[in-house]
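[1] Here is a sequence with its predicted model. Questions after.
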Amino acid sequence: MKSCMVQGAKIISTGSATPSVKVSNEQMSSIVDTSDEWIFTRTGIKERRLLTKYGQSVTDLATRASLQAINNISMDPSSIDLIILATSSPNDLFGSASKIQYEIGAVNALAFDITAACSGFVIGVVTAFQFISNGTYENVLVIGADVLSKWVDWSDRSTCILFGDAAGAVIIQSCSSNLNSILNFHLSTDGNYADHLSIAYKEQLDPHPILNLYQGSFQYVSMNGKEVYKFAVSQVPLSIMSCLDKLNMSTEDVDWLLLHQANERIIMAVAEKLSISSNKVISNLSKYGNTSAASIPLALNEVVELNQISRNDIIVIAGFGAGLTWGTIILRW
């Protein structure tokens, strides 16, 4: 990977969308044996949003988030060259990005999905960066969106309390290298631990009577929480330091730390390992829960709308999750 590119890339707009239905920890206690105190002390989550309306899917949220990002800068959708949808809960197993392309009127855009769960948005941004830096495209829409409520076992207390539904989007545009907002990145995978977080496919026991073909269906979200915690707290700081070191930066140069919103304990443990003050940590986990690929762009859009980020601020973004995958991006805003 080259840390200095001839053609730079910068985020020029953000957007997000969440369902209107809020489910509090108190409501969760009527579904499984839990309580507000039990959930909040272990996760930092107070409530989550769920997409409950019949017929709606991840494409509805992703379309809303995309249109907000487009409208914020009065952009003509036909000028978008590429749409990358990071999701693990598409409305169509063949992919949902093309439906979003149609819905937002991005008639000239190539559109495809990336499936990398909670790391998906980071990988999507890096993918967009590659297309821009080599001169292939100028305007790329990257969306992180998930509706994992459709894949949660609502009798499993260890997982059902965690997840919420949402979408977030950014528009990334080419720029001269001296204005480059994407300064560096690092991506990693360790498939040896893939079973720690998955939505597995399970075959039926009996094959087709003539073809001897085994078919099946996808199961619910399964997670080994202790192992995911250990993985995130050990590997994410290393990824971030690797990125900073290549830029001759230290954690003292960091203005904002934006991690995947999985668990408050993970977020604060990573910040502590990096000696980054809690007032530099961006978090909205308490309001939305773990929204998988949507969590980073959702939180980013929130602080952008509140004007909390200033020009030239250094933002460290890191995602981690199923795969197991993890990755870091360093931005100059």
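    Thanks, I have the structure now. Please read all numbers here as calculations on a predicted model, not as lab measurements.

[2] Going by C-alpha atoms from here, please, whenever you check contacts or count neighbours.
    Will do.

[3] and the residue lying closest to G216 once chain neighbours are set aside, how far is that from V221?
    Leaving aside its sequence neighbours, G216 sits nearest to E203 (Cα to Cα, 6 or more residues apart in numbering; 4.1 Å). Note on E203: its distance to V221, by Cα to Cα, to the nearest Å, is 16 Å.

[4] Which residue ranges of the stretch 101-250 of the chain form helices?
    For the stretch 101-250 of the chain, the helices defined by DSSP state H, counting those that start in this stretch cover 120-133, 157-160, 225-246.

[5] So which of those helices is nearest L300?
    When the helices of the stretch 101-250 of the chain are compared by Cα to Cα, helix 120-133 sits nearest L300, at 11.7 Å.

[6] Now do that closest one: which elements does it pack against?
    Here helix 120-133 touches strand 7-17, strand 82-86, strand 139-146, strand 166-176, strand 182-189, strand 314-321, strand 325-332, going by 3 or more Cα pairs under 8 Å, 6 or more residues apart in numbering; DSSP states H and E.

[7] if we can go back for a sec, hey, which of the helices of the stretch 101-250 of the chain is tucked in deepest?
    Of all these, helix 120-133 has the most neighbours on average by mean count of other Cα atoms under 10 Å, namely a mean of 24.

[8] For that one, give me every contacting residue.
    Helix 120-133 has contacts (Cα atoms under 8 Å, 6 or more residues apart in numbering) with 5-9, 84-87, 114, 116, 137-140, 142-144, 172-174, 182, 185, 187, 293-294, 296-297, 317-319, 327-329.

[9] Selection in PyMOL covering whichever of those are buried, please.
    A single PyMOL command is used to select the members of those judged buried by 16 or more other Cα atoms under 10 Å:
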select buried, resi 5+7+8+9+84+85+86+87+114+116+137+138+139+140+142+143+144+172+173+174+182+185+187+293+294+296+297+317+318+319+327+328+329
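
[10] Count the residues that sit near Q204.
    Applying other Cα atoms under 10 Å, we find 12 residues neighbouring Q204.

[11] Look at E203 and V221 and report which has more neighbours.
    Neighbour totals were compared for E203 and V221, and V221 leads with 19 against 13 (other Cα under 10 Å).

[12] tell me how far the ends of stretch 47-55 are from each other?
    End-to-end distance (Cα to Cα), stretch 47-55: 23 Å.

[13] got the contact list for the residue most central in space within the chain?
    Of all residues in the chain, the one closest to the mean position by Cα atoms, centre = their mean is A293, 2.4 Å from it. Going by Cα under 8 Å, 6+ apart, A293 touches 86-88, 116-121, 144-146, 167.

[14] now do 7 Å
    86-87, 117-121, 144-146 (Cα atoms under 7 Å, 6 or more residues apart in numbering).

[15] For G135, see how far away it is.
    According to Cα to Cα, A293 and G135 sit 26 Å apart.

[16] same deal with A111?
    Distance from A111 to G135, by Cα to Cα: 18 Å.

[17] can you check L85 too?
    Distance from L85 to G135, by Cα to Cα: 21 Å.

[18] ok, now E305?
    30 Å.

[19] picking that back up, between A111 and G135, point out the one with more neighbours.
    A111 (22 against 13).

[20] Skipping adjacent residues, who's closest to that one in space?
    Nearest non-adjacent residue to A111 (Cα to Cα, 6+ apart): I83, at 4.5 Å.

[21] separation between that neighbour and D313?
    Distance, I83 to D313, using Cα to Cα: 26 Å.

[22] same deal with N72?
    Using Cα to Cα, N72 is found at 21 Å from D313.
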